[in-house]
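Chemist: When you get a sec, could you give me coordinates for this:
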Amino acid sequence: MHFVYILFSEIINKFYIGHTSNLFERLRKHNSNHKGFTGKANDWKIMYQEIFESKNDASKREREIKGWKNRIKIEKLIESDKSEHPDL
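Modeler: Model (predicted):
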């Protein structure tokens with residue numbers, strides 16, 4: 001299984017989009033002290049996720065979402081998922 005995920009940091013008020021085969025380990029790494037975009041904050045939270053059977057499919061979806069370059073569209077994706085799954 002592979003995941004496409006969207007993280008959010010309140011500290012820097014930014015989203016981060018990625019894909020991985022181990023979502024919780026990846027989140028731990030994002031919140032650790034490291035170089036790179038997510039190293040600027042340590043309060044990343046998972047806001048959205050999709051599951052894929054293949055790494056290739058997850059990578060394609062990640063590129064699609066990143067290609068939007070539109071915060072409003074990303075927020076709508078997150079909100080639509082919350083309305084479909086209110087208990088999450």
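Chemist: Now for Ser9, how many residues are close by?
Modeler: Burial of Ser9, expressed as a neighbour count using other Cβ atoms under 10 Å, amounts to 19. The way it works is simple: take the backbone N, C-alpha and C, and place the C-beta from them, glycine included.
Chemist: Surely it is in contact with Gly39?
Modeler: No: taking contacts as Cβ atoms under 8 Å, Ser9 lies outside contact range of Gly39: 10.8 Å.
Chemist: what about this structure, any weak spots by pLDDT?
Modeler: Of all residues in the chain, those with pLDDT under 70 make up the ranges 83-88.
Chemist: Okay, strands next: where are they in it?
Modeler: Secondary structure of the chain by DSSP state E: the strands cover 2-9, 14-20, 45-52.
Chemist: What residues sit buried inside stretch 39-53?
Modeler: By neighbour count, with 16 or more other Cβ atoms under 10 Å as the criterion, the buried positions of stretch 39-53 are 41, 44, 46-48, 50, 52.
Chemist: Now flag whichever of those residues is closest to Lys76.
Modeler: Sorting the buried residues of stretch 39-53 by how near they are to Lys76, with Cβ to Cβ, puts Tyr48 at the top with 10.8 Å.
Chemist: residues contacting the closest one?
Modeler: Tyr48 makes contact with 5-6, 77-78, 81, according to Cβ atoms under 8 Å, 6 or more residues apart in numbering.
Chemist: Please apply the same query to Lys66.
Modeler: The contact partners of Lys66, by Cβ under 8 Å, 6+ apart, come to Ile17.
Chemist: returning to that earlier point: so which pair among the buried residues of stretch 39-53 is furthest apart in space?
Modeler: In the buried residues of stretch 39-53, the most distant members under the criterion Cβ to Cβ are Ala41 and Phe52, with 26.5 Å between them.
Chemist: Contacts only, for Ile65.
Modeler: When contacts are counted by Cβ under 8 Å, 6+ apart, Ile65 touches 4, 6, 17, 74, 77.
Chemist: For Ser59, state which of the residues you listed is nearest.
Modeler: Comparing these against Ser59 with Cβ to Cβ picks out Val4 as the nearest, at 8.5 Å.
Chemist: Just confirm that closest one contacts Arg61, I think it does.
Modeler: Yes: taking contact to mean Cβ under 8 Å, the distance of 4.7 Å between Val4 and Arg61 places them in contact.
Chemist: Right, I'll call it a day here.
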